[in-house]
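Asker: Show me how the following folds:
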Amino acid sequence: MNDLSLGILFGILAAMLILSAFFSGSETSLMTLNRYRLRHLVKLKHSGAIKAQRLLQRPDRILGLILLGNNFVNTAAASVATVIAIRLFPDNQESSIAIAAGVLTLVMLIFSEATPKTLAAVKPELLAFIAAWIYTPLLKIFYPIVWFVNLFVNLLLRLVGVDLKKNTHERLNKDELKSIIAEAESVMPARYQKMLLGILDLESATIEDIMTPRHEIVGIDLELPIDGIVSCIESSPHTRLPVYKKNVDRVIGILDLRKVLALFNRPNFDKQTLINYLDKPTFIPENTPVHNQMQRFKQEKSRLGLVVDEYGDVQGLVTLDDLLQEIVGELITDEVGVKAQHDGSYLVDANINLRELNRITQWSLPTEGPKTLNGLIIEFMETIPDTGTGVKLHGHLLEIIERDNNAVKLVKFLPKQSSKL
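Answerer: All right, here's what the predicted structure looks like:
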């Protein structure tokens with residue numbers, strides 16, 4: 001090396017710095033690649049992505065190769081810088097070597113470490129796919145050395161309980177996937193985000209969470225006179241009604257109104273005629289998962305079921321529309337029970353389902369106990385609060401606006417910045 005000119009030595013040093021920057025930047029770019037985008041590019045047959053994915057299947061090997069190359073060029077750069085310093089200042093070699101080491105450290109930190117790593121972290125694909133083409137043959141050439149180094153690395157990792165073969169495949173859990181969807185505002189409309197989040201929530205939702213409660217069931221009592229039954233049918237907002245005797249626990253069938261509307265004006269229309277057109281009722285255990293019941297409705301070609309508890313008593317009613325609404329939320333109805341106010345507050349119908357309220361407002365009110373906001377307030381207060389009462393409910397300030405003898409009817413959630421009840 002003493003026979004080389006200073007120009008050549010500076011050229012070698014510059015090459016070493018460039019190689020060091022390449023190793024440093026490629027390490028960061030490969031490790032920070034978006035694994036899901038990488039899989040997408042692999043499906044599109046992107047050659048660089050295919051090679052990068054193969055390398056990342058064993059990160060210990062590619063990291064061993066990168067560190068081997070980086071340490072080699074850094075050591076070579078230090079040696080060349082020492083020779084240059086001695087050549088430039090032969091009379092004061094100790095000071096010149098110290099100055100060269102300091103200058104080289106600063107230059108490498110700026111140009112070979114911080115800059116390429118920062119660029120690689122911001123735009124990993126810019127360097128990762130190019131590096132994959134270079135590292136693939138290099139890994140084959142230097143595999144014996146890399147294998148020998150990783151033999152000790154893997155042994156040390158196993159001593160602390162890490163097995164690389166079991167930790168190479170990362171999978172998203174449901175909460176992580178929901179976070180990704182929630183942050184995808186730039187690639188999909190908000191309404192589709194809510195639909196996807198609704199689908200993910202199906203796994204934890206049960207029929208009890210979304211059913212129409214017993215006291216709100218609209219049906220036909222066969223104990224009524226025929227004129228009263230006809231009046232109920234004509235004024236019904238629904239196309240299917242449960243038919244029972246005296247109370248809903250004694251359901252005898254489900255009536256599809258479209259089948260009997262043409263029979264009303266016939267003089268021989270009576271209760272028996274109505275009974276002849278009834279469909280067999282479907283009974284659903286209240287803890288049935290929503291996604292299971294959707295499949296059952298599809299298999300049985302049914303659209304309505306009665307929800308029963310462990311004693312067989314009817315607790316509510318659920319329709320296929322209710323299940324679909326669990327996915328699409330307020331998209332199929334204009335009245336969701338939540339009205340945003342100009343001051344940032346919300347007027348909320350206390351009968352709203354907590355799951356729907358959480359979905360609309362992006363809150364995290366508990367859904368394990370009571371299913372409605374009214375039920376949650378009463379459980380928390382252990383009484384039915386009077387109108388004007390202020391409550392801090394799970395971090396949310398609210399005011400009771402309206403109530404009756406046995407339930408809260410209307411609630412106002414105050415803006416987050418408000419500190420007064």
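Asker: Would you map out the domains in the chain?
Answerer: With domains defined by automatic domain parsing, the chain comprises 6-166, 207-330, 335-413.
Asker: mean confidence for the last one?
Answerer: Meaning domain 335-413. Averaged over domain 335-413, pLDDT sits at 87.
Asker: what's the closest of the domains of the chain to residue 197?
Answerer: domain 335-413 (6.9 Å; CB to CB). Bear in mind the C-beta positions are built from the backbone N, C-alpha and C, glycine included.
Asker: what about the domains of the chain, which gets the closest to residue 175?
Answerer: Checking those against residue 175 by CB to CB gives domain 335-413 as the closest, at 11.6 Å.
Asker: Specify the local secondary structure of the spatially closest residue to residue 313 that is not a sequence neighbour.
Answerer: Once flanking residues are discounted, residue 313 sits nearest to residue 249: 5.7 Å by CB to CB, 6 or more residues apart in numbering. Classification of residue 249 by DSSP: H, G, I helix; E, B strand; the rest coil places it in strand.
Asker: Quick check: the gap between residue 249 and residue 113.
Answerer: Remark: distance between residue 249 and residue 113 (CB to CB, to the nearest Å) = 75 Å.
Asker: More neighbours: which of the two?
Answerer: residue 113 (19 against 14; other CB atoms under 10 Å).
Asker: list the contacts for the more buried one?
Answerer: By CB atoms under 8 Å, 6 or more residues apart in numbering, residue 113 lies in contact with 20-21, 24.
Asker: wait, residue 107 sits on residue 14?
Answerer: No: look at residue 107 against residue 14 with CB atoms under 8 Å: they stay out of range, at 10.1 Å.
Asker: Compare neighbour counts for the two and give me the winner.
Answerer: Taking neighbours as other CB under 10 Å, residue 107 and residue 14 compare with residue 107 leading, 16 against 13.
Asker: Once you drop chain neighbours, what's closest to the more buried one?
Answerer: residue 17 (6.8 Å).
Asker: Which stretches in the stretch 101-250 of the chain count as helices?
Answerer: 115-122, 124-141, 143-159, 174-182, 190-201, 207-210, 226-235 (DSSP state H, counting those that start in this stretch).
Asker: my bad, the stretch 301-421 of the chain
Answerer: Secondary structure of the stretch 301-421 of the chain, counting by DSSP H, counting those that start in this stretch: helices at 320-328, 354-361, 373-381.
Asker: Just the buried residues out of the contacts of residue 113, in ChimeraX syntax.
Answerer: Remark: buried members of those, expressed as a ChimeraX selection using 16 or more other CB atoms under 10 Å:
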select :20,21,24
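Asker: Which of the contacts of residue 113 fall in helices?
Answerer: With helices taken from DSSP state H, the overlap with those comprises 20-21, 24.
Asker: Same list, these, but as a markdown table with distance to residue 207 and pLDDT please.
Answerer: As requested, the ones in helices among the contacts of residue 113 are arranged in a markdown table below (distance: CB to CB, whole Å; pLDDT from 0 to 100):
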| residue | distance to residue 207 | pLDDT |
| --- | --- | --- |
| 20 | 63 | 92 |
| 21 | 60 | 93 |
| 24 | 57 | 92 |
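Asker: Hmm, residue 328 is touching residue 197, no?
Answerer: No: the pair residue 328 / residue 197 is not scored as a contact, 10.7 Å apart, by CB under 8 Å.
Asker: Would you agree residue 214 is in contact with residue 316?
Answerer: Yes: counting by CB under 8 Å, residue 214 sits close enough to residue 316 to count as a contact (5.5 Å).
Asker: the more surrounded of those two?
Answerer: A direct count of neighbours by other CB under 10 Å for residue 214 and residue 316 places residue 316 higher, at 24 against 16.
Asker: and the more buried one, what are its bridge partners?
Answerer: Taking DSSP bridges as the rule, residue 316 bridges to residue 213, residue 307.
Asker: so who does it touch?
Answerer: 208, 211-214, 217, 286, 306-307.
Asker: Would you mind measuring from it to residue 376?
Answerer: On the measure of CB to CB, residue 316 and residue 376 end up 18 Å apart.
Asker: can you check residue 31 too?
Answerer: Remark: distance between residue 31 and residue 376 (CB to CB) = 45 Å.
Asker: between these two, who's got more neighbours?
Answerer: Between residue 31 and residue 376, residue 376 has the larger neighbour count (other CB under 10 Å), namely 21 against 16.
Asker: ok now do the more buried one, which residues does it touch?
Answerer: Contact analysis of residue 376 by CB under 8 Å, 6+ apart lists 354, 365-366, 369-370, 393.
Asker: again, only using 7 Å
Answerer: Contact partners of residue 376, counting by CB atoms under 7 Å, 6 or more residues apart in numbering, are 354, 365, 370, 393.
Asker: Please identify, among these, the one with the most neighbours.
Answerer: Highest neighbour count within the contacts of residue 376, by other CB under 10 Å: residue 354, with 21 neighbours.
Asker: For that one, which residues are in contact?
Answerer: Residue 354 sits next to 365, 367, 371-373, 376 when contact means CB under 7 Å, 6+ apart.
Asker: now do residue 322
Answerer: residue 210.
Asker: try it again with 10 Å
Answerer: By CB atoms under 10 Å, 6 or more residues apart in numbering, the contact set of residue 322 is 207, 210-212, 290, 293, 303-305, 316, 353.
Asker: So how do I select the buried members of these in ChimeraX?
Answerer: Of the contacts of residue 322, the buried ones can be selected in ChimeraX as follows, counting by 16+ other CB under 10 Å:
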select :207,210,211,290,293,303,304,305,316,353
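Asker: Could you identify the most distant pair in the contacts of residue 322?
Answerer: Those two in the contacts of residue 322 that are separated most widely, counting by CB to CB, are 303 and 353, at 19.9 Å.
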